[in-house]
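Peer 1: quick one, what's the 3D model for this:
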Amino acid sequence: MHPDDPSAQKLTDARPTTLSDDAASTERTIGRHRAPDLRRRALLGSTPLRVALATGVTCCLSLVAVATARGNDDTPRTVEPLAEAVADRAAIADERASRSLDRDAAPARILPSPTAKPTPTPTAVRKVPKKPVKPRRPRPVAGLDQAQMDNAKIIVDVGLEMKMPRRALVVALATAMQESNLYNLASDVLPESAEYPNQGSGSDHDSVGLFQQRPSSGWGTVAQLMRPSYAARAFYSALNEIPGWQDMSVTAAAQSVQISAYPDAYAQHEDRATTVAAALTA
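Peer 2: Numbering: from 1, shown residues only. Presented below is the predicted three-dimensional model:
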């Protein structure tokens, strides 16, 4: 049939218009080449909507995981609500800031006194060598003065050091009493002797010191014989060379050492010499 045929046109006009609309709708919904719904795609393609959907899905998955974990755990976990924790911390803060008089008093801070001076740092103390203590001088006895008693002590100390018996001490003291009256004498014949500490001088040849020993006879040098300790040691050494001196009288023992022109003169000093020896060895 030709399209220009009036009968064909009538048939065409006689078809309901809804058929065409329904056919198009059916083609869009079930056809292979259905037309896209542009409004729905525009809505789904919106970025805010996508973010909202993703957030909702994530929350749902989290709730499912929590529910599953609670179901699997025998002991349910206690989750402290955030509001309760905040309230507890606030209460603690209030308690710390309390001005109640019932709280323990804070220890008072001790401030240094404004007049107090800082303690100096200890420094190394320099040790000062102590001065040698002088021995106590013996108290004079038997009518002697202090100088005589000091010389007598030297004679006794040397004898004790040489381990001489008490009788040897008496012989030595009696000899010194007779020869020098227990003074350390220089000699007018030997001017050199005056250069050393002395307590006077004599004029009996070149005799010097407590025992008036002569340098020319081999007793020692002037310097040696002017030292009381050396003179006493020389006397005791010579006495030890006398055989049987322990059995001799004080006069005989002294004369054996001194070879004096007055051999009997020593006997008069025996009693005083014994007193002095006893006092110095007590």
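
Peer 1: please make it C-alpha for all contacts and neighbour counts, starting now.
Peer 2: Will do.

Peer 1: hey, where'd the helices end up in the stretch 151-282 of the chain?
Peer 2: Under the criterion DSSP state H, counting those that start in this stretch, helices of the stretch 151-282 of the chain are mapped to 166-180, 222-225, 228-240, 250-258, 270-280.

Peer 1: need those helices in a markdown table with mean pLDDT, mean neighbour count and distance to residue 153, can you?
Peer 2: What follows is these, written out as a markdown table (pLDDT from 0 to 100; neighbours: other C-alpha atoms under 10 Å; distance: least, C-alpha to C-alpha, whole Å):
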| stretch | mean pLDDT | mean neighbour count | distance to residue 153 |
| --- | --- | --- | --- |
| helix 166-180 | 97 | 24 | 10 |
| helix 222-225 | 97 | 21 | 17 |
| helix 228-240 | 98 | 19 | 10 |
| helix 250-258 | 95 | 21 | 19 |
| helix 270-280 | 97 | 18 | 7 |
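
Peer 1: which one of these lies closest to residue 206?
Peer 2: Closest to residue 206 of the helices of the stretch 151-282 of the chain, according to C-alpha to C-alpha: helix 222-225, at 9.3 Å.

Peer 1: mind giving me the packing neighbours of that closest one?
Peer 2: Under the contact criterion of 3 or more C-alpha pairs under 8 Å, 6 or more residues apart in numbering; DSSP states H and E, helix 222-225 touches helix 228-240.

Peer 1: residues contacting the helix it packs on, please?
Peer 2: The list of residues contacting helix 228-240 from outside it, by C-alpha atoms under 8 Å, 6 or more residues apart in numbering, reads 151, 154-155, 158-159, 164, 168, 172, 184, 209-211, 213, 219, 224-225, 245, 253-254, 256-257.

Peer 1: try 7 Å
Peer 2: Identification of contacts with helix 228-240 by C-alpha atoms under 7 Å, 6 or more residues apart in numbering yields 154-155, 158, 209-211, 224-225, 257.

Peer 1: reformat the helices of the stretch 151-282 of the chain as TSV; add distance to residue 140.
Peer 2: Compiled in TSV, those are given as follows (distance: least, C-alpha to C-alpha, whole Å):
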stretch	distance to residue 140
helix 166-180	14
helix 222-225	24
helix 228-240	18
helix 250-258	23
helix 270-280	8
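
Peer 1: can you tell me which of those helices is nearest to residue 127?
Peer 2: Where these are weighed against each other on C-alpha to C-alpha, the nearest is helix 228-240, at 33.0 Å.

Peer 1: and the direction of that closest one versus that of helix 250-258, what angle?
Peer 2: Relative orientation of helix 228-240 versus helix 250-258 (axes from the mean of the first three to the mean of the last three C-alpha atoms, to 10 degrees): 100 degrees.

Peer 1: by how many degrees do helix 228-240 and helix 166-180 diverge?
Peer 2: Using the same axes, to 10 degrees, helix 228-240 lies at 120 degrees relative to helix 166-180.

Peer 1: kindly export helix 228-240 (C-alpha atoms) in CSV.
Peer 2: Presented in CSV, the C-alpha positions along helix 228-240 are these (Å, rounded to 0.1, in the frame of the first residue of the first chain):
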residue,chain,number,x,y,z
PRO,A,228,128.7,15.9,126.4
SER,A,229,127.2,12.8,124.9
TYR,A,230,130.4,12.0,123.0
ALA,A,231,132.6,12.6,126.1
ALA,A,232,130.4,10.3,128.3
ARG,A,233,130.5,7.6,125.6
ALA,A,234,134.3,7.8,125.5
PHE,A,235,134.5,7.5,129.3
TYR,A,236,132.3,4.4,129.4
SER,A,237,134.3,2.8,126.6
ALA,A,238,137.5,3.3,128.4
LEU,A,239,136.0,2.0,131.7
ASN,A,240,134.9,-1.3,129.9
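
Peer 1: got any ranges where the stretch 51-200 of the chain has weak pLDDT?
Peer 2: Within the stretch 51-200 of the chain, the stretches with pLDDT under 70 are 51-125.

Peer 1: show me where it has strands.
Peer 2: Taking DSSP state E, counting those that start in this stretch as the test, the strands found in the stretch 51-200 of the chain are 186-187.

Peer 1: if anything else comes up later, I'll come back, but that's it for now.
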